[in-house]
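[1] Mind looking at a prediction? Sequence and model below.
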Amino acid sequence: MDVMYFAWVRERIGLPRERVETQAATVNELVAELMAREERYAAAFADTSALRVALDQVLSDFDAPLAGVREVAFFPPMTGG
Amino acid sequence: MQVRVQEGVFDAGVELNAFSARAEGAGAVVSFTGIVRDVAGGLQHMMIEHYPGMTEKAISAIVAEARERWSLADALVIHRFGQLAPGAPIMMVAAASAHRADAFAAADFLMDYLKSRAPFWKKEVTAEGADWVAAKDDDEAALTRWD
């Protein structure tokens, strides 16, 4: 699946998007896999209560299943308007 | 209904006149324009990042929700991204209805939801450096008004 990062999450991880091959069943499992990779991922995902997640461009939750999802995006709370 | 996500500047007056002309016979048009304000330390510019694809979908869903809640003749949302100078327009909303109560309520609702549910992120650049604008608890709490 494609994993995207925005705002300070993108800056901390150092890239805007990447292709991730995973068997993770939920967003939380995907986060755990990413955190185990490298310190920059561990730092970005240290406090998921400060993050939001979108699945296929719709706001979702960290306990949501990933079955059939093609695009996951992580970002801080939005500051539009 | 019109939703525009763009890098370029817009003229709020021209947009409002065109919107009002299209909403002929509506009786009430309410609009809001957000402008880049200066900050302590002196703002050099604001950078707005967004999530292309999701941005348009999220705003369209918010507008659709407003149209379900109130009787609207038309609605307009314009939101910019990229580098914006102090004093530049960031975004505008407009709502047209038969009577003012629906137009005011819909414009207020659109603003509350655009702040916290449309995927934009603001970064303020000053002489001291660049900082992401943190979301305010008040902005999230404002959404409960509409439950």
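    In hand now; what should we look at? Numbering: from 1, shown residues only, chains lettered A, B, ... in the order given.
[2] give the contact list for residue 10.
    Going with chain A. A:16, A:75, B:49 (Cβ atoms under 8 Å, 6 or more residues apart in numbering or on different chains). (Glycine included, C-beta is placed from N, CA and C.)
[3] I was after chain B.
    By Cβ under 8 Å, 6+ apart, the contact set of residue B:10 is B:4, B:78, B:80, B:89, B:92.
[4] isn't there a strand covering it?
    No - Residue B:10: not assigned to a strand; according to DSSP: H, G, I helix; E, B strand; the rest coil it is coil.
[5] picking that back up, just the ones in strands from the contacts of residue B:10, please.
    Within the contacts of residue B:10, residues falling in strands by DSSP state E are B:4, B:78, B:80, B:89, B:92.
[6] doesn't residue B:119 make contact with residue B:48?
    No - at 10.8 Å, residue B:48 does not count as touching residue B:119 under the criterion of Cβ atoms under 8 Å.
[7] Those two: which is more packed in?
    Of the pair residue B:48 and residue B:119, residue B:119 is the one with more neighbours under other Cβ atoms under 10 Å in any protein chain shown, namely 26 against 21.
[8] Tell me who's in contact with the more buried one.
    Residue B:119 neighbours (Cβ under 8 Å, 6+ apart): A:6, A:54, A:73, A:75, A:78, A:80, B:50-51, B:54-55, B:58.
[9] 6 Å instead, please
    A:78, B:50-51, B:54-55 (Cβ atoms under 6 Å, 6 or more residues apart in numbering or on different chains).
[10] Residue B:35 now?
    Residue B:35 sits next to residue B:89 when contact means Cβ under 6 Å, 6+ apart.
[11] Beta-bridge partners for it, please?
    Legend: beta-bridge partners of residue B:35 under DSSP bridges are residue B:89.
[12] Can you tell me which of the contacts of residue A:10 are buried?
    With burial judged by 16 or more other Cβ atoms under 10 Å in any protein chain shown, the buried subset of these is A:75, B:49.
[13] Give me the buried positions along stretch A:70-81.
    Using 16+ other Cβ under 10 Å as the test for burial, stretch A:70-81 gives A:71-81.
[14] Do a quick rundown of the helices in the chain.
    Looking at chain A here, since you left the chain open. Using DSSP state H, the helices of chain A run over residues A:7-13, A:27-37, A:39-44.
[15] Please refer instead to chain B.
    B:12-22, B:54-69, B:100-117, B:137-142.
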